[in-house]
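Novice: Structure for this input, please:
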Amino acid sequence: MKPLLQKRFDETMRGLLPEGGAVLVAFSGGMDSVCLADLLLHSRTGIRFEAAHCNFHLRGAESDADEAFVRDWCASAGIVCHFSSFDTESVARERGCSLEMAARDLRYAWFETVCRERDLAATVVAHHANDNAETLLLNLLRGTGIKGLTGMPVCAKLPVPGAETPLLRPMLGFTRAEIASYIRSRGLSFREDSSNADTAIRRNAIRHQVLPVMTALNPGFLDTVGDEMRHFSQVSRIADEYVGQHRGAVVLSETAHGMVIGVPALLDQSHPEYLLYRLLEPFGFPPAVPESVIALLRGGGTLSGKQFFSPAYRLVMTSDSMLVVPQPGPDGPFREGIREGDGCMVVEGDGIYAFAGRRFHIRQLPWSPGADPHVPEGTVLLDAEACPYPFLIRPWSAGDWLVPLGMRGRKKLSNLFVDLKMNLLDKEKACVVVKEDHHVAALLCRRIDAAVKVSSRTASVIRITENG
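Specialist: Numbers count the residues shown, from 1 in each chain. Predicted coordinates:
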C-alpha cells in the first residue's frame, strides 16, 4: 500500500511544485498530518519541508500532549518545527466568531508569516477526500451558492488578506481509509483528538453518521462527490465569466461602501436574478432578496422607496435604480457631526461643516444689486440679513414647510420631496436651515424659502454649497 500511495503523492507534488524547493507542513500530530509528513519525508521529489504546530489551548493537557508529540517526532526525524500558542477563546470572543473560525484565521495568518520569514514556497495541509465531502455537505446545510459546491481546490492562496503564499492540498485524492491503511502499514503512531468523537459538532456528525450511510448506499460515493465537485468548478468558472462580462453594464457607480445598480439594464440581462445575487452577495444579502426584487420588477409593481436588509447593508429601491448603502447606526453615516443633545448643528460663521453624512462649504459674500441670483445645482444663496449667523442646520421633520419661490402658499417638505423626485435615501439625509425663530429658511441644497431670497436690497449673501 505504501509504494502506491507514495507514488500518487509524489506525482501530485511534482505537478504542484515542479522545481522542488522547501515547504511548510501544518503538523497537528493527528493521523492525517503524520501521513503527510511521512510521505514528504520519504518522497523522491526532492522537496524539503519544515513543520508548524499550533497549540490552541482548547483541550487542556491534551493540547500540550499533542505539542510534545510533535516535538519528539520532528526531533527524531531531524525536521525543523515551528511552534505557536494562541488564546483562541479570547480571540473568538473579541471577534464575535466561533472557536473553529478563530483557530482557522489564527493558524493561516501565522503560516503566512512563517513562510515569508523562512522563504518557504508554500504551506501544505493534509485535507483529504473525506474532508472535501464533509465540507460540501456542511455548505449544503448552511445554504450555499455554486462556489460552495466546488469543494476545496488542490492549490489556492492562503486565506489571509494580502497573502501570496500558495496553500497546497496534495492528499485530496486520498480517502481516510487509504490514509489509515498507510499509517498501519508503516507502523506510525499519531495523536487522536478526543473532540473528533463529539457528534454535537456538525462536521463530526456528518463524518460519523451521514457519510457512512452515503457510502453504504454508494460504495463509490467519495469518488462520485469528487467528480461532481470538479464539474461544479467548471460551472462556477463559466458563471464568473458571465458576471464579469455583464457587471459593467448594470453597475452604474461603485464605492468601497456600496453601489448603484441600474434597473432597466439589469432587466435587459439574460439572467438578471443570478447577476443581482452575485452583485449583492459581498454585502451579505440572503438569496431571497434578489429573488423577491426580480419577481416584483417583473410583476410591474412599484418598488420606489422599498428596502431590503442584510446585517450591515440595505438595498434601497428608486424608480430606476437600486442603491446598496451601509446600515445607519447610532454612530453611523447619518449621525456624523450632529451636536449631542439636540440633533442640530450651530453654524456660527464661514467654514466647512460635516453633518448627517454630508459636507457643506458655507461662506458669507458681498452682493451687488446687478448680480445674477441664479446658482448652480447643489448650491443655495440666502440673504444674509434675512438669515444671519448664527443659524441651525438639522434633519428635516414631518411638520416642516416653506414657501417656495414663485408660490404664495406654504408647501410641506414631504410634498416638495415628491416634486423634486427625491428617493428614500435623499429624504433620509435631507437637512434644513433653521433661523432663530425656528422658521425653515432652506432645504439644503435644493430650495430656499421666499423670505430669505436675494433681492435688490441684498447687501450680502450666505452661500451654501454641498461638497464644496
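Novice: for the stretch 1-150 of the chain, which spans come out with low pLDDT?
Specialist: Counting by pLDDT under 70, the low-confidence segments of the stretch 1-150 of the chain come to 1-3.
Novice: L188 and D38 touch, don't they?
Specialist: Yes. Counting by Cβ atoms under 8 Å, L188 touches D38, with 6.0 Å between them. In this view, the C-beta of every residue, glycine as well, is placed from N, C-alpha and C.
Novice: Looking at these two now, which is surrounded by more residues?
Specialist: A direct count of neighbours by other Cβ atoms under 10 Å for L188 and D38 places D38 higher, at 20 against 14.
Novice: Does that one belong to a helix, a strand or coil?
Specialist: helix (DSSP: H, G, I helix; E, B strand; the rest coil).
Novice: And E228, by the same measure?
Specialist: Recorded secondary structure, E228: helix (three-state DSSP).
Novice: how about the nearest residue to it, chain neighbours excluded?
Specialist: L149 (7.7 Å; Cβ to Cβ, 6 or more residues apart in numbering).
Novice: how many neighbours does that neighbour have?
Specialist: Counted with other Cβ under 10 Å, L149 comes out at 18.
Novice: Please tell me how far it sits from Y108.
Specialist: 23 Å (Cβ to Cβ, to the nearest Å).
Novice: Ok, I294 next?
Specialist: For I294, the distance to Y108 (Cβ to Cβ) stands at 37 Å.
Novice: Please apply the same query to R118.
Specialist: Distance, R118 to Y108, using Cβ to Cβ: 16 Å.
Novice: The two: who's more crowded?
Specialist: Set R118 next to Y108 and count neighbours by other Cβ under 10 Å: Y108 wins out with 20 against 13.
Novice: Flag every buried residue along stretch 457-465.
Specialist: Neighbour-count burial for stretch 457-465 flags 458, 461-465 (criterion: 16 or more other Cβ atoms under 10 Å).
Novice: which residues touch M259?
Specialist: By Cβ atoms under 8 Å, 6 or more residues apart in numbering, the contact set of M259 is 251-253, 279, 323-324.
Novice: Doesn't it lie inside a strand?
Specialist: Yes. Remark: M259 belongs to a strand, assigned using three-state DSSP.
Novice: Beta-bridge partners for it, please?
Specialist: Per DSSP bridges, the residues bridged to M259 are E254, V324.
Novice: can you pull out the strands in the stretch 1-150 of the chain?
Specialist: 22-26, 48-55, 81-85, 123-124 (DSSP state E, counting those that start in this stretch).
Novice: which one of these is the most hemmed in?
Specialist: strand 123-124 (a mean of 26; mean count of other Cβ atoms under 10 Å).
Novice: who does it touch, helix- and strand-wise?
Specialist: Applying 3 or more Cβ pairs under 8 Å, 6 or more residues apart in numbering; DSSP states H and E, one finds that strand 123-124 contacts strand 22-26, helix 99-118, strand 166-168.
Novice: follow-up on the earlier one: distance of the residue nearest to E228 from M229?
Specialist: Applying Cβ to Cβ, the value for L149 to M229 is 7 Å.
Novice: what's the neighbour count on the residue nearest to S319 when sequence neighbours are not counted?
Specialist: Closest residue in space to S319, ignoring its immediate chain neighbours: S304 at 4.8 Å, by Cβ to Cβ, 6+ apart. By other Cβ under 10 Å, 13 other residues sit near S304.
Novice: So S304 sits against M322, correct?
Specialist: No. Counting by Cβ under 8 Å, M322 is not a contact partner of S304; they are 10.6 Å apart.
Novice: what's near enough to touch L266?
Specialist: The contact partners of L266, taken as Cβ under 8 Å, 6+ apart, are 250, 272, 275-276.
Novice: what's the helix or strand for it?
Specialist: Using DSSP states H and E, the element containing L266 is helix 263-267.
Novice: Quick check: next helix or strand after that helix?
Specialist: Counting by DSSP H and E, the element after helix 263-267 in chain order, helix or strand, is helix 272-280.
Novice: what helices or strands is that next one leaning on?
Specialist: Contacts defined by 3+ Cβ pairs under 8 Å, 6+ apart place helix 272-280 against helix 221-250, strand 258-262, helix 263-267, helix 288-298.
Novice: Let's have the ones you listed in a markdown table, adding mean pLDDT and distance to S85.
Specialist: Output for the helices and strands packed on helix 272-280, formatted as a markdown table (pLDDT from 0 to 100; distance: least, Cβ to Cβ, whole Å):
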| stretch | mean pLDDT | distance to S85 |
| --- | --- | --- |
| helix 221-250 | 93 | 35 |
| strand 258-262 | 87 | 40 |
| helix 263-267 | 92 | 51 |
| helix 288-298 | 87 | 42 |
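Novice: could you dump those to TSV with distance to A398?
Specialist: Converted to TSV, the helices and strands packed on helix 272-280 look like this (distance: least, Cβ to Cβ, whole Å):
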stretch	distance to A398
helix 221-250	36
strand 258-262	27
helix 263-267	29
helix 288-298	27
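Novice: Having no further points to raise, I will conclude here.
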